[in-house]
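1. return atomic coordinates for the entry below.
(one chain, ligands or ions: 1)
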Amino acid sequence: MVHLPSSKLPNVGTTIFTQMTQLANQHQAINLSQGFPDFLPDSGLLSSVDHFIKKGFNQYAPLGGMIPLKEAIATKIEKSHQTDYHPDSEITVTAGGTQAIFTAIATFIQKEDEVIIFEPAYDCYEPTVELFGGIVKRFEMKAPDYSIDWNVVKGLITEKTKMIILNNPNNPSGKVFKENDIQELIKIVKDTSILILSDEVYENITFDGREHLSICRYPELKERSLLIASFGKLFHVTGWKVGYCAAPKALTDEFRKVHQFNVFCVNTPVQLALAEYMKNEEHYIHLSQFFQEKRDFLRKGLSNTSFGILDCEGTYFQALTYDKISDKNDFEFATELTIRHKVASVPFSAFYKNRLNENVIRLCFAKKQETLEQALEFLAKV
Ligand code: PMP
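-> Numbers count the residues shown, from 1 in each chain. Modelled structure (predicted):
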């Protein structure tokens, strides 16, 4: 009998997204838990992949990505944020945002390096830091406004701080950084060698005219940042797992050393189709408006229910409180909501290491109109 080596991630189980999706399937509930669209992507994009497959683009892509896609990414960033990344030496196409995040952490985090994260946090940051021996320091953003006290963040910094991980717009709170947040961050990292990993996968989904203040707009931050984005969110193709990392050459050189042994390269025909599709900026500049209509529809419907509706400045997630309905903790409540009321959500406590429970759940509104209508009908009965 072989004795298995001890786990490198002893405290990690199945993700909450998988758990809630399984529960939704088991109880035939509407799945507003996991963050993926239930509608089709644009057929033009789909037929473009078909076109490139049939034209014979089915072998390995270059390590950094297909040239047309890297150029299209550089153009998009330039148009959106008026700053240049060199397509060849500063942009790397990755197998989704997750691999970009994993590779960035693997590249730079060594034993005992400290990494600051902001909770509620997307679930892959912390385990990845721990895999490489790093130590996570947390700032807990709290309901209802999830604001950041930058003085407290400053207090988390030591001489061992290697990286700060940001997620703007934030999943799950929908919080979007304001100019003041960025200016405070600039002050904090000034005269340090702290790197920034900026997870901006929801970059094109901000509401009510809010601008997405990408890290790359600020030279003092850009020079130390790995900017990560995902086509899954941009074009409703979360299953394609294609994203990218944009970073100054010196950081990209190191990133690619790890990337080449991590995946080496990413799906060739999909890269070419994405490049072609991105030539028309109409394909992404209206994304905020598209999701704002869904957000507003959901919020209007929810105003007739007993749920409390928190602000939603960006992403495709709406946070809800349920104090008038139940005094159960958020995990128990989300479970009951799935089983009894047939709507699956994600409890916010899952996004905090210490399972902070503020009686908040998250609904994903990247769904067809019928799905949202049906969910609202069920939620009105709660
Ligand atoms: N970061 C955040 C905040 C996310 O919500 C997600 C996906 N849900 C990712 C990264 C991962 O992106 P991808 O699916 O492209 O790996």
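
2. from now on I want contacts and neighbour counts done on CA atoms only, so please keep to that.
-> OK.

3. give me the nearest residue to the most centrally placed residue in the chain, chain neighbours excluded.
-> By CA atoms, centre = their mean, the chain has its centre lying nearest to residue 201, at 4.7 Å. Distances taken as CA to CA, 6 or more residues apart in numbering place residue 229 nearest to residue 201, at 4.2 Å, with adjacent residues excluded.

4. list phi and psi for the one you found.
-> When read as degrees, to the nearest 10, the backbone of residue 229 gives phi -140, psi 170.

5. which ones are touching residue 30?
-> By CA atoms under 8 Å, 6 or more residues apart in numbering, the contact set of residue 30 is 24, 342-344, 371, 375.

6. what do you get if the cut-off is 10 Å, keeping everything else the same?
-> When contacts are counted by CA atoms under 10 Å, 6 or more residues apart in numbering, residue 30 touches 21, 24, 338, 341-345, 371-372, 374-375, 378.

7. can you put these in TSV and add pLDDT?
-> Rendered in TSV, the data for the contacts of residue 30 read as follows (pLDDT from 0 to 100):
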residue	pLDDT
21	92
24	95
338	97
341	97
342	97
343	97
344	97
345	97
371	97
372	98
374	97
375	97
378	97
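
8. of those residues, which is the nearest to residue 173?
-> Distance to residue 173 across the contacts of residue 30 (CA to CA) is lowest for residue 345, with 13.4 Å.

9. residues contacting that closest one?
-> Contact criterion CA under 10 Å, 6+ apart gives 16-17, 20-21, 24, 29-34, 319-320, 330-331, 333-335, 337-338, 361-364 as the residues in contact with residue 345.

10. check contacts around the residue nearest to the centre of the chain.
-> Taking CA under 10 Å, 6+ apart as the contact definition, residue 201 lies against 96-98, 167-171, 227-234, 243-244, 315.

11. inside helices: which ones of those?
-> 96-98, 231-234 (DSSP state H).

12. which members of those residues are the farthest-apart pair?
-> 98 and 234 (14.9 Å).

13. is stretch 261-275 anywhere near the ligand?
-> No - residues of stretch 261-275 contacting the ligand under CA under 6 Å from any ligand atom: none, with a closest distance of 12.4 Å.

14. what about dumping the CA coordinates of that stretch to PDB?
-> The C-alpha trace of stretch 261-275 is given here as PDB (Å, rounded to 0.1, in the frame of the first residue of the first chain):
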ATOM      1  CA  PHE A 261       6.600  25.000 -18.900                       C
ATOM      2  CA  ASN A 262       3.100  25.600 -17.600                       C
ATOM      3  CA  VAL A 263       1.200  25.400 -20.900                       C
ATOM      4  CA  PHE A 264       3.700  26.500 -23.500                       C
ATOM      5  CA  CYS A 265       1.000  27.900 -25.800                       C
ATOM      6  CA  VAL A 266      -2.700  28.300 -26.100                       C
ATOM      7  CA  ASN A 267      -5.400  27.100 -28.600                       C
ATOM      8  CA  THR A 268      -4.300  28.300 -32.100                       C
ATOM      9  CA  PRO A 269      -7.600  28.600 -34.100                       C
ATOM     10  CA  VAL A 270      -9.400  30.300 -31.200                       C
ATOM     11  CA  GLN A 271      -6.600  32.900 -30.900                       C
ATOM     12  CA  LEU A 272      -7.000  33.700 -34.600                       C
ATOM     13  CA  ALA A 273     -10.700  34.000 -34.400                       C
ATOM     14  CA  LEU A 274     -10.500  36.300 -31.400                       C
ATOM     15  CA  ALA A 275      -8.000  38.500 -33.200                       C
END
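
15. now that stretch: buried residues?
-> By 16 or more other CA atoms under 10 Å, the buried positions in stretch 261-275 come out as 264-275.

16. one more: stretch 53-65?
-> For stretch 53-65, the buried set under the neighbour-count rule, 16+ other CA under 10 Å, comprises 53, 57, 61, 63-65.

17. equivalent analysis for stretch 212-222, please.
-> If you call a residue buried by 16+ other CA under 10 Å, then stretch 212-222 has these buried ones: 212-217, 221-222.

18. do you know the pLDDT at whichever residue of the stretch 101-250 of the chain sits closest to the ligand?
-> Residue nearest to the ligand within the stretch 101-250 of the chain (CA to the nearest ligand atom): residue 230, separated by 4.4 Å. As predicted, residue 230 sits at a pLDDT of 98.

19. burial check on it, number of neighbours?
-> Using other CA atoms under 10 Å as the criterion, residue 230 is surrounded by 27 other residues.

20. tell me the contacts of it?
-> Shown in contact with residue 230 (CA under 10 Å, 6+ apart): 93-98, 100, 199-203, 237-238, 240-245.

21. from those residues, list the buried ones, please.
-> In terms of neighbour count (16+ other CA under 10 Å), the buried residues within the contacts of residue 230 are 93-98, 100, 199-203, 237-238, 241-245.

22. now do stretch 276-292, average pLDDT.
-> Looking at stretch 276-292 alone, the average pLDDT works out to 96.

23. now swap in stretch 238-258 and tell me
-> What stretch 238-258 shows for mean pLDDT is 98.

24. distance between the ends of that stretch?
-> Stretch 238-258 has its terminal residues 24 Å apart, counting by CA to CA, to the nearest Å.

25. that one near the ligand anywhere?
-> Yes - interface with the ligand: stretch 238-258 contributes 238, 241-243 (CA under 6 Å from any ligand atom).

26. go on, stretch 362-380?
-> No - with CA under 6 Å from any ligand atom as the measure, stretch 362-380 is seen stopping short of the ligand, the closest distance being 10.7 Å.

27. return the distance of that stretch from the chain's centre.
-> For stretch 362-380, the separation from the chain centroid amounts to 21 Å (computed by CA atoms, centre = their mean, to the nearest Å).
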